[in-house]
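Could you work out the structure for the sequence below:
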Amino acid sequence: MIKNSNPNILICRQDRIGDNVLTTPIPRELKRNLPGCRISVLVRRYAADIYLNNPFVDNIIILDDVNITAFSGFIKKIKQIRAEEFDISLMPLPDERLNYLMWFSGIKLRISSGVKIYQLLTNTKSVHRRKYIQERHEADYCLDLIRKLNFDVVNISPEIYLSEDENISVISKKQKFKSRKKYVVGLQVSSGKSAPNWQPEIYRILLNNLNNDPEISAYITDLPGSVNGFEDKYFIDQDKGLRDSILNFAALDCLVSASTGPMHICAALKIPTVALFCPLPACKPSLWGAMGNDSEHIFPSDDFCKNECPGDPKECFFKGDRGIQVSTVLNAIKQILLRNDKKSI
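Residues are numbered from 1 along each chain as shown. Next comes the predicted model:
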């Protein structure tokens with residue numbers, strides 16, 4: 001299928017941060033199969049820092065530096081991509097406008113997930129989920145794009161890479177966050193309503209419990225002003241951009257969150273996570289959970305969904321006796337911290 005032994009490959013990922021993190025195994029596995037290939041990623045500006053310092057990514061192209069919904073912006077982006085002379089494009093999430101962008105840019109081999117009319121019209125090769133398996137992780141599904149090229153996959157774990165200077169910065173941040181205690185725990189309160197989650201007042205109870213522990217300093221990892229009801233001193237993110245947020249996550253000993261992008265960022269940094277999860281098939285951690293790190297996935301009781309769940313993830317807060325209790329999460333945090341203490345001995 002590949003005529004050039006050192007092809008120029010473009011990976012297109014136009015959606016959320018967590019989905020971009022789950023795409024990071026693709027360049028690594030491509031380089032393992034084709035050491036001489038050149039890999040670029042086409043992403044929105046807010047997600048570009050996910051790929052910064054990635055040794056398997058040669059170039060980052062910003063998708064939304066022009067308005068591709070306007071004719072002039074679309075033509076400008078076509079010229080930019082055509083100038084790169086890509087041999088192959090890979091698109092984990094199907095998108096009609098991007099599909100035509102790849103086609104008009106002269107990329108001969110285009111592979112995308114899904115089976116859409118516009119893919120058929122442009123002779124785009126498809127990878128689709130005829131047999132959707134909920135026990136199979138989303139990162140693994142993303143890698144079907146390179147399996148379509150007849151390549152094997154060894155490692156499906158996402159990874160974010162830090163430079164030497166960034167690692168030094170992380171050490172400094174960690175010492176500051178510890179505030180003379182032993183551990184630093186972050187709480188990601190918001191989830192963008194993309195997954196069931198506690199309400200902020202429950203996170204506030206957890207925050208107080210953690211900070212009352214003589215060994216733990218706990219903070220909020222959300223952007224300042226994005227969640228209410230917390231004192232400013234608990235926010236460690238100063239809204240300096242995604243890369244600085246990544247360094248803050250790297251300074252943690254554990255993150256507590258729902259199924260969110262920050263959970264995937266921490267997993268890709270090998271930072272332990274405790275995550276609140278819905279047991280419904282489409283939300284299960286086997287499909288969307290943290291991967292490659294030490295993680296605990298916490299569920300409500302078995303009969304919660306049947307008796308108390310409203311059926312809408314945006315309205316599910318794991319409330320009540322059958323929901324997820326603060327004591328359960330506290331215990332999971334302490335178990336993770338203990339496990340990692342033993343590993344360091």
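
which residue ranges form the helices in the stretch 101-250 of the chain?
Using DSSP state H, counting those that start in this stretch, the helices of the stretch 101-250 of the chain run over residues 117-121, 138-142, 144-147, 164-178, 200-211, 242-250.

The shortest one: how far from the chain's middle?
The chain centroid and the centroid of helix 144-147 are separated by 19 Å, computed with CA atoms, centre = their mean, to the nearest Å.

Which secondary structure elements does that helix sit against?
helix 25-33, strand 88-91, strand 109-113, strand 125-127 (3 or more CB pairs under 8 Å, 6 or more residues apart in numbering; DSSP states H and E). Any C-beta I mention is one placed from the backbone N, CA and C, and that applies to glycine too.

Tell me which of the ones you listed lies nearest to residue 174.
If you check each of these against residue 174 by CB to CB, helix 25-33 wins as the nearest, at 26.5 Å.

ok, then the element right after that closest one?
Downstream of helix 25-33, the next assigned helix or strand under DSSP states H and E is strand 38-43.

Note down every partner strand of the next helix or strand after that following strand and its orientation.
Using DSSP H and E, the helix or strand that follows strand 38-43 towards the C-terminus is strand 59-62. Using DSSP bridges, the strands paired with strand 59-62 are strand 38-43 (parallel).

how about the CA coordinates for the strand it pairs with, as PDB?
Output of strand 38-43 as PDB, limited to C-alpha atoms (Å, rounded to 0.1, in the frame of the first residue of the first chain):
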ATOM      1  CA  ARG A  38       8.400  12.100   8.500                       C
ATOM      2  CA  ILE A  39       5.400  12.700  10.700                       C
ATOM      3  CA  SER A  40       3.400  15.900  11.000                       C
ATOM      4  CA  VAL A  41       0.200  16.500  13.100                       C
ATOM      5  CA  LEU A  42      -2.600  18.900  12.100                       C
ATOM      6  CA  VAL A  43      -4.300  20.100  15.200                       C
END
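
so how far is that strand off the chain centroid?
Offset of strand 38-43 from its chain centre (CA atoms, centre = their mean): 17 Å.

again, but for stretch 178-187
Taking CA atoms, centre = their mean, the mean C-alpha location of stretch 178-187 is offset from the chain mean by 23 Å.

which other helices and strands contact the worst-scoring helix or strand of the chain on mean pLDDT?
When the helices and strands of the chain are scored by mean pLDDT, DSSP states H and E, helix 304-307 comes last with a mean of 78. Contact partners of helix 304-307 among helices and strands, from 3+ CB pairs under 8 Å, 6+ apart: none.

which parts of that helix are buried?
304-305 (16 or more other CB atoms under 10 Å).

List the buried residues in the helix or strand following that helix.
Later in the chain than helix 304-307, the nearest helix or strand by DSSP H and E is helix 326-344. Neighbour-count burial for helix 326-344, counted by 16+ other CB under 10 Å, picks out 328-330, 332-334, 336-337.

Likewise for stretch 47-57?
47-52, 54, 56-57.

which SSE is residue 271 in?
In the assignment (DSSP H and E), residue 271 maps to no helix and no strand.

mind checking how far it is from residue 250?
Residue 271 is 6 Å from residue 250, where distance means CB to CB, to the nearest Å.

same question, residue 119
Distance from residue 119 to residue 250, counting by CB to CB: 38 Å.

the domain parsing of this protein - what is it?
Taking automatic domain parsing as the reference, the chain has its domains at 8-147, 165-344.

what's the closest of these to residue 157?
Smallest distance to residue 157 across the domains of the chain (CB to CB): 3.2 Å, for domain 165-344.

Run the chain-centre distance for that closest one.
Mean C-alpha position of domain 165-344 versus that of the full chain (CA atoms, centre = their mean) differs by 14 Å.

Repeat that for stretch 95-102.
What separates the centre of stretch 95-102 from the centre of its chain is 23 Å, taken as CA atoms, centre = their mean.

Quick one: mean pLDDT for it?
Regarding stretch 95-102, the rounded mean pLDDT is 96.

Over to stretch 79-86?
What stretch 79-86 shows for mean pLDDT is 97.

show me where pLDDT drops low in this structure?
By pLDDT under 70, the weakly predicted segments of the chain are 1-4, 129-134, 342-345.

can you do 80?
Scanning the chain for pLDDT under 80 picks out the ranges 1-5, 128-135, 192-194, 279-283, 305-314, 342-345.

before we move on, the earlier item: format the domains of the chain as TSV; extra columns: distance to residue 154.
Formatted as TSV, the domains of the chain follow (distance: least, CB to CB, whole Å):
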stretch	distance to residue 154
domain 8-147	7
domain 165-344	13
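
one step back: show me what the least confident helix or strand of the chain is in contact with.
Here helix 304-307 makes contact (CB atoms under 8 Å, 6 or more residues apart in numbering) with 278-280, 318, 320, 322-323.
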